[in-house]
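Enquirer: Let's see this in three dimensions:
(one chain, ligands or ions: 1)
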Amino acid sequence: MPVEEFVAGWISGALGLVLGHPFDTVKVRLQTQTTYRGIVDCMVKIYRHESLLGFFKGMSFPIASIAVVNSVLFGVYSNTLLVLTATSHQERRAQPPSYTHIFLAGCTGGFLQAYCLAPFDLIKVRLQNQTEPRAQPGSPPPRYQGPVHCAASIFREEGPRGLFRGAWALTLRDTPTMGIYFITYEGLCRQYTPEGQNPNSATVLVAGGFAGIASWVAATPLDVIKSRMQMDGLRRRAYQGMLDCMVSSVRQEGLGVFFRGVTINSARAFPVNAVTFLSYEYLLRWWG
Ligand SMILES: CN(C)C(=N)NCCC[C@H](N)C(=O)O
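Expert: Numbering: from 1, shown residues only. Next up is the predicted model:
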(Lines give C-alpha, C1' and ligand atoms only; values in the text may rest on other atoms or scores of the structure.)
Protein backbone atom coordinates (compact mmCIF):
# COMPACT_ATOMS: atom_id res chain seq x y z
CA MET A 1 0.00 0.00 0.00
CA PRO A 2 1.62 3.30 -1.08
CA VAL A 3 2.09 5.52 2.00
CA GLU A 4 2.97 8.79 0.22
CA GLU A 5 -0.73 9.64 -0.19
CA PHE A 6 -1.21 9.38 3.58
CA VAL A 7 1.72 11.74 4.32
CA ALA A 8 0.75 14.18 1.55
CA GLY A 9 -2.83 14.17 2.87
CA TRP A 10 -1.60 15.03 6.37
CA ILE A 11 0.65 17.97 5.34
CA SER A 12 -1.85 19.44 2.90
CA GLY A 13 -4.68 19.11 5.42
CA ALA A 14 -2.69 20.93 8.12
CA LEU A 15 -1.95 23.86 5.78
CA GLY A 16 -5.61 24.17 4.85
CA LEU A 17 -6.76 23.87 8.43
CA VAL A 18 -4.73 26.79 9.80
CA LEU A 19 -5.94 28.99 6.96
CA GLY A 20 -9.58 28.08 7.48
CA HIS A 21 -9.97 27.87 11.26
CA PRO A 22 -11.08 31.51 11.90
CA PHE A 23 -13.89 31.06 9.32
CA ASP A 24 -14.79 27.75 10.95
CA THR A 25 -15.21 29.37 14.38
CA VAL A 26 -17.60 31.97 12.93
CA LYS A 27 -19.55 29.21 11.16
CA VAL A 28 -19.93 27.05 14.28
CA ARG A 29 -21.11 30.04 16.34
CA LEU A 30 -23.68 31.04 13.69
CA GLN A 31 -25.00 27.48 13.51
CA THR A 32 -25.37 26.88 17.23
CA GLN A 33 -25.99 30.29 18.84
CA THR A 34 -28.72 32.80 18.14
CA THR A 35 -26.99 35.89 19.57
CA TYR A 36 -25.33 36.95 16.31
CA ARG A 37 -27.04 38.94 13.53
CA GLY A 38 -24.78 37.67 10.76
CA ILE A 39 -21.19 37.00 9.74
CA VAL A 40 -19.91 40.54 10.28
CA ASP A 41 -21.69 40.94 13.62
CA CYS A 42 -20.26 37.62 14.77
CA MET A 43 -16.71 38.56 13.70
CA VAL A 44 -16.89 41.97 15.37
CA LYS A 45 -18.22 40.49 18.61
CA ILE A 46 -15.59 37.76 18.73
CA TYR A 47 -12.84 40.31 18.11
CA ARG A 48 -14.12 42.82 20.68
CA HIS A 49 -14.89 40.32 23.40
CA GLU A 50 -12.25 37.64 22.87
CA SER A 51 -9.54 39.38 20.76
CA LEU A 52 -7.94 37.78 17.69
CA LEU A 53 -7.27 34.65 19.75
CA GLY A 54 -11.03 34.02 19.92
CA PHE A 55 -10.96 33.02 16.23
CA PHE A 56 -8.39 30.34 16.95
CA LYS A 57 -10.21 28.66 19.83
CA GLY A 58 -10.25 24.89 19.57
CA MET A 59 -7.54 24.74 16.88
CA SER A 60 -4.87 22.73 18.68
CA PHE A 61 -6.78 19.44 18.65
CA PRO A 62 -7.69 19.58 14.94
CA ILE A 63 -4.02 20.30 14.18
CA ALA A 64 -3.01 17.24 16.16
CA SER A 65 -5.75 15.10 14.63
CA ILE A 66 -5.40 16.25 11.02
CA ALA A 67 -2.50 13.80 10.68
CA VAL A 68 -4.96 10.95 11.16
CA VAL A 69 -8.06 12.48 9.61
CA ASN A 70 -6.72 13.88 6.33
CA SER A 71 -4.25 11.09 5.76
CA VAL A 72 -7.11 8.60 6.19
CA LEU A 73 -9.26 10.58 3.73
CA PHE A 74 -6.64 10.96 0.99
CA GLY A 75 -4.89 7.66 1.71
CA VAL A 76 -8.11 5.61 1.67
CA TYR A 77 -9.38 7.51 -1.40
CA SER A 78 -6.24 6.84 -3.41
CA ASN A 79 -5.84 3.24 -2.26
CA THR A 80 -9.53 2.47 -2.95
CA LEU A 81 -9.00 3.78 -6.49
CA LEU A 82 -5.94 1.56 -6.74
CA VAL A 83 -8.08 -1.46 -5.80
CA LEU A 84 -10.96 -0.46 -8.12
CA THR A 85 -8.92 0.55 -11.17
CA ALA A 86 -5.47 -1.02 -10.66
CA THR A 87 -3.81 2.36 -11.33
CA SER A 88 -1.45 4.27 -9.03
CA HIS A 89 -1.64 8.06 -8.52
CA GLN A 90 1.05 8.60 -11.20
CA GLU A 91 -0.73 6.42 -13.78
CA ARG A 92 -4.13 8.06 -13.34
CA ARG A 93 -3.53 10.96 -15.74
CA ALA A 94 -2.80 8.57 -18.60
CA GLN A 95 -5.59 6.14 -17.63
CA PRO A 96 -8.25 8.28 -15.95
CA PRO A 97 -10.64 6.39 -13.65
CA SER A 98 -14.39 6.62 -14.27
CA TYR A 99 -16.48 9.11 -12.26
CA THR A 100 -18.31 6.21 -10.61
CA HIS A 101 -15.01 4.85 -9.29
CA ILE A 102 -13.96 8.32 -8.12
CA PHE A 103 -17.29 8.80 -6.32
CA LEU A 104 -17.11 5.39 -4.63
CA ALA A 105 -13.50 5.94 -3.55
CA GLY A 106 -14.41 9.41 -2.18
CA CYS A 107 -17.38 8.02 -0.23
CA THR A 108 -15.18 5.26 1.25
CA GLY A 109 -12.56 7.82 2.33
CA GLY A 110 -15.29 10.07 3.77
CA PHE A 111 -16.95 7.23 5.68
CA LEU A 112 -13.72 6.04 7.32
CA GLN A 113 -12.41 9.52 8.11
CA ALA A 114 -15.70 10.43 9.84
CA TYR A 115 -15.03 7.84 12.54
CA CYS A 116 -11.53 9.18 13.21
CA LEU A 117 -12.81 12.75 13.11
CA ALA A 118 -15.84 12.41 15.42
CA PRO A 119 -14.25 12.91 18.90
CA PHE A 120 -11.84 15.60 17.67
CA ASP A 121 -14.62 17.49 15.92
CA LEU A 122 -16.81 17.32 19.03
CA ILE A 123 -14.06 18.85 21.19
CA LYS A 124 -13.39 21.54 18.57
CA VAL A 125 -17.07 22.52 18.44
CA ARG A 126 -17.41 22.62 22.25
CA LEU A 127 -14.31 24.84 22.58
CA GLN A 128 -15.31 27.10 19.70
CA ASN A 129 -18.64 27.72 21.38
CA GLN A 130 -17.10 29.03 24.58
CA THR A 131 -17.61 32.77 24.38
CA GLU A 132 -15.62 33.74 27.47
CA PRO A 133 -12.45 35.73 26.84
CA ARG A 134 -9.17 34.03 27.82
CA ALA A 135 -9.00 33.36 31.60
CA GLN A 136 -8.06 36.48 33.53
CA PRO A 137 -7.09 36.65 37.20
CA GLY A 138 -10.22 36.85 39.34
CA SER A 139 -12.68 35.90 36.57
CA PRO A 140 -14.37 32.46 36.68
CA PRO A 141 -12.62 29.99 34.35
CA PRO A 142 -14.49 28.78 31.25
CA ARG A 143 -16.18 25.38 31.53
CA TYR A 144 -13.45 23.70 29.48
CA GLN A 145 -9.88 24.83 30.09
CA GLY A 146 -8.40 23.24 26.97
CA PRO A 147 -8.79 20.24 24.66
CA VAL A 148 -7.57 17.62 27.12
CA HIS A 149 -9.70 19.01 29.94
CA CYS A 150 -12.66 19.13 27.53
CA ALA A 151 -12.16 15.47 26.49
CA ALA A 152 -11.77 14.36 30.12
CA SER A 153 -14.89 16.31 31.21
CA ILE A 154 -17.03 14.86 28.41
CA PHE A 155 -15.79 11.38 29.28
CA ARG A 156 -16.59 11.91 32.98
CA GLU A 157 -19.95 13.65 32.52
CA GLU A 158 -21.34 11.90 29.43
CA GLY A 159 -19.44 8.58 29.39
CA PRO A 160 -17.27 7.17 26.54
CA ARG A 161 -20.22 7.33 24.13
CA GLY A 162 -20.41 11.06 24.86
CA LEU A 163 -17.18 11.49 22.89
CA PHE A 164 -19.05 10.25 19.81
CA ARG A 165 -22.01 12.60 20.18
CA GLY A 166 -23.06 13.72 16.69
CA ALA A 167 -21.00 10.96 15.02
CA TRP A 168 -23.97 9.66 13.01
CA ALA A 169 -24.74 13.06 11.57
CA LEU A 170 -21.04 13.50 10.82
CA THR A 171 -20.88 10.17 8.97
CA LEU A 172 -24.01 10.97 6.96
CA ARG A 173 -22.54 14.41 6.20
CA ASP A 174 -19.15 13.17 5.06
CA THR A 175 -19.82 9.94 3.16
CA PRO A 176 -21.63 11.29 0.07
CA THR A 177 -20.09 14.76 0.20
CA MET A 178 -16.55 13.40 -0.06
CA GLY A 179 -17.67 11.64 -3.24
CA ILE A 180 -18.88 15.02 -4.52
CA TYR A 181 -15.60 16.60 -3.38
CA PHE A 182 -13.34 14.31 -5.43
CA ILE A 183 -15.67 14.19 -8.47
CA THR A 184 -15.76 18.00 -8.67
CA TYR A 185 -11.99 18.22 -8.33
CA GLU A 186 -11.29 15.58 -10.98
CA GLY A 187 -14.01 16.85 -13.31
CA LEU A 188 -12.67 20.42 -13.30
CA CYS A 189 -9.05 19.29 -13.66
CA ARG A 190 -9.96 17.13 -16.68
CA GLN A 191 -12.01 19.92 -18.24
CA TYR A 192 -9.09 22.38 -18.24
CA THR A 193 -6.10 20.05 -18.81
CA PRO A 194 -4.95 18.56 -22.12
CA GLU A 195 -5.37 14.77 -22.10
CA GLY A 196 -2.62 12.80 -20.40
CA GLN A 197 -1.01 15.85 -18.80
CA ASN A 198 -0.89 16.96 -15.16
CA PRO A 199 -3.10 19.97 -14.32
CA ASN A 200 -1.17 23.21 -13.81
CA SER A 201 -1.13 25.11 -10.50
CA ALA A 202 -3.92 27.54 -11.44
CA THR A 203 -6.19 24.65 -12.46
CA VAL A 204 -5.44 22.74 -9.25
CA LEU A 205 -6.16 25.84 -7.13
CA VAL A 206 -9.46 26.60 -8.86
CA ALA A 207 -10.59 22.95 -9.03
CA GLY A 208 -9.65 22.41 -5.35
CA GLY A 209 -11.46 25.60 -4.31
CA PHE A 210 -14.66 24.69 -6.17
CA ALA A 211 -14.49 21.09 -4.92
CA GLY A 212 -14.48 22.53 -1.40
CA ILE A 213 -17.44 24.81 -2.12
CA ALA A 214 -19.51 22.10 -3.86
CA SER A 215 -18.96 19.60 -1.05
CA TRP A 216 -19.68 22.12 1.70
CA VAL A 217 -22.87 23.42 0.08
CA ALA A 218 -24.10 19.81 -0.08
CA ALA A 219 -22.88 19.15 3.47
CA THR A 220 -24.28 22.22 5.22
CA PRO A 221 -27.76 20.85 6.19
CA LEU A 222 -26.21 17.89 8.01
CA ASP A 223 -23.40 20.08 9.28
CA VAL A 224 -25.97 22.23 11.14
CA ILE A 225 -27.59 19.14 12.66
CA LYS A 226 -24.21 17.65 13.56
CA SER A 227 -23.10 20.82 15.38
CA ARG A 228 -26.39 21.03 17.26
CA MET A 229 -26.22 17.38 18.31
CA GLN A 230 -22.65 17.95 19.51
CA MET A 231 -23.71 20.90 21.68
CA ASP A 232 -26.74 19.03 22.99
CA GLY A 233 -26.31 17.51 26.42
CA LEU A 234 -24.05 20.29 27.66
CA ARG A 235 -26.65 21.46 30.16
CA ARG A 236 -29.85 19.55 29.38
CA ARG A 237 -30.75 17.26 26.49
CA ALA A 238 -32.93 19.16 24.03
CA TYR A 239 -33.09 16.50 21.28
CA GLN A 240 -34.01 12.82 21.37
CA GLY A 241 -31.97 12.06 18.28
CA MET A 242 -30.93 13.33 14.87
CA LEU A 243 -34.43 13.28 13.41
CA ASP A 244 -35.86 15.09 16.42
CA CYS A 245 -33.10 17.70 16.09
CA MET A 246 -34.02 18.22 12.40
CA VAL A 247 -37.75 18.48 13.08
CA SER A 248 -37.49 20.85 16.05
CA SER A 249 -34.90 23.03 14.29
CA VAL A 250 -37.21 23.41 11.25
CA ARG A 251 -40.26 24.02 13.47
CA GLN A 252 -38.53 26.77 15.40
CA GLU A 253 -36.44 28.42 12.67
CA GLY A 254 -37.92 27.37 9.31
CA LEU A 255 -36.23 25.52 6.44
CA GLY A 256 -33.55 28.20 6.19
CA VAL A 257 -31.94 26.65 9.25
CA PHE A 258 -30.41 23.99 6.99
CA PHE A 259 -28.37 26.64 5.26
CA ARG A 260 -27.14 28.43 8.34
CA GLY A 261 -23.44 29.12 7.85
CA VAL A 262 -23.42 28.21 4.12
CA THR A 263 -21.89 31.55 3.06
CA ILE A 264 -19.07 31.46 5.56
CA ASN A 265 -18.60 27.73 4.88
CA SER A 266 -18.13 28.46 1.17
CA ALA A 267 -15.85 31.44 1.79
CA ARG A 268 -13.73 29.20 4.00
CA ALA A 269 -13.88 26.22 1.66
CA PHE A 270 -12.31 27.91 -1.37
CA PRO A 271 -8.89 28.92 0.04
CA VAL A 272 -8.68 25.89 2.36
CA ASN A 273 -9.23 23.34 -0.38
CA ALA A 274 -7.27 25.23 -3.04
CA VAL A 275 -4.22 25.06 -0.75
CA THR A 276 -4.97 21.47 0.33
CA PHE A 277 -5.09 20.13 -3.26
CA LEU A 278 -2.14 22.23 -4.47
CA SER A 279 0.13 20.94 -1.71
CA TYR A 280 -1.21 17.38 -2.09
CA GLU A 281 -0.58 17.29 -5.87
CA TYR A 282 2.87 18.87 -5.62
CA LEU A 283 4.04 16.68 -2.74
CA LEU A 284 3.06 13.57 -4.71
CA ARG A 285 4.73 14.82 -7.90
CA TRP A 286 7.84 15.69 -5.92
CA TRP A 287 8.00 12.22 -4.35
CA GLY A 288 6.88 10.46 -7.53
C1 LIG B 1 -17.81 17.70 5.03
N2 LIG B 1 -17.19 18.17 3.85
C3 LIG B 1 -18.01 18.64 2.80
C4 LIG B 1 -15.87 18.15 3.68
N5 LIG B 1 -15.18 17.85 4.63
N6 LIG B 1 -15.42 18.37 2.45
C7 LIG B 1 -14.06 18.20 2.09
C8 LIG B 1 -13.21 19.33 2.57
C9 LIG B 1 -12.19 18.91 3.53
C10 LIG B 1 -11.40 20.06 4.05
N11 LIG B 1 -10.53 19.56 5.09
C12 LIG B 1 -12.25 21.17 4.63
O13 LIG B 1 -12.38 21.23 5.84
O14 LIG B 1 -12.78 21.98 3.89
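
Enquirer: C-alpha only now, for contacts and for neighbours.
Expert: OK.

Enquirer: Contacts made by stretch 31-39 with the rest, please.
Expert: The contact list for stretch 31-39 (C-alpha atoms under 8 Å, 6 or more residues apart in numbering) reads 26, 30, 42, 129, 224, 227-228, 231, 260-261, 264.

Enquirer: Can you name the residue of the stretch 1-150 of the chain nearest to the ligand?
Expert: Closest residue of the stretch 1-150 of the chain to the ligand, C-alpha to the nearest ligand atom: Gly13 (5.9 Å).

Enquirer: Can you flag which of the contacts of stretch 31-39 belong to strands?
Expert: Among these, no member falls in strands (DSSP state E).

Enquirer: For the chain, what lies in contact range of the ligand?
Expert: The chain has residues 13, 173-174, 177-178, 181, 212, 215-216, 219, 269, 272-273 near the ligand, with proximity defined as C-alpha under 6 Å from any ligand atom.

Enquirer: what's the lowest-pLDDT member of the residues you listed?
Expert: The lowest pLDDT within the residues of the chain next to the ligand belongs to Gly13, which sits at 81.

Enquirer: burial measure for that residue, as a count.
Expert: 28 (other C-alpha atoms under 10 Å).

Enquirer: so who does it touch?
Expert: If a contact means C-alpha under 8 Å, 6+ apart, then Gly13 has 66-67, 70, 276 as its contacts.

Enquirer: Same question for Pro271.
Expert: Taking C-alpha under 8 Å, 6+ apart, we find Pro271 in contact with 16, 19-20, 209.

Enquirer: Select from those residues the one having the most neighbours.
Expert: Neighbour count (other C-alpha under 10 Å) singles out Gly209 as the most crowded of the contacts of Pro271, with 27 neighbours.
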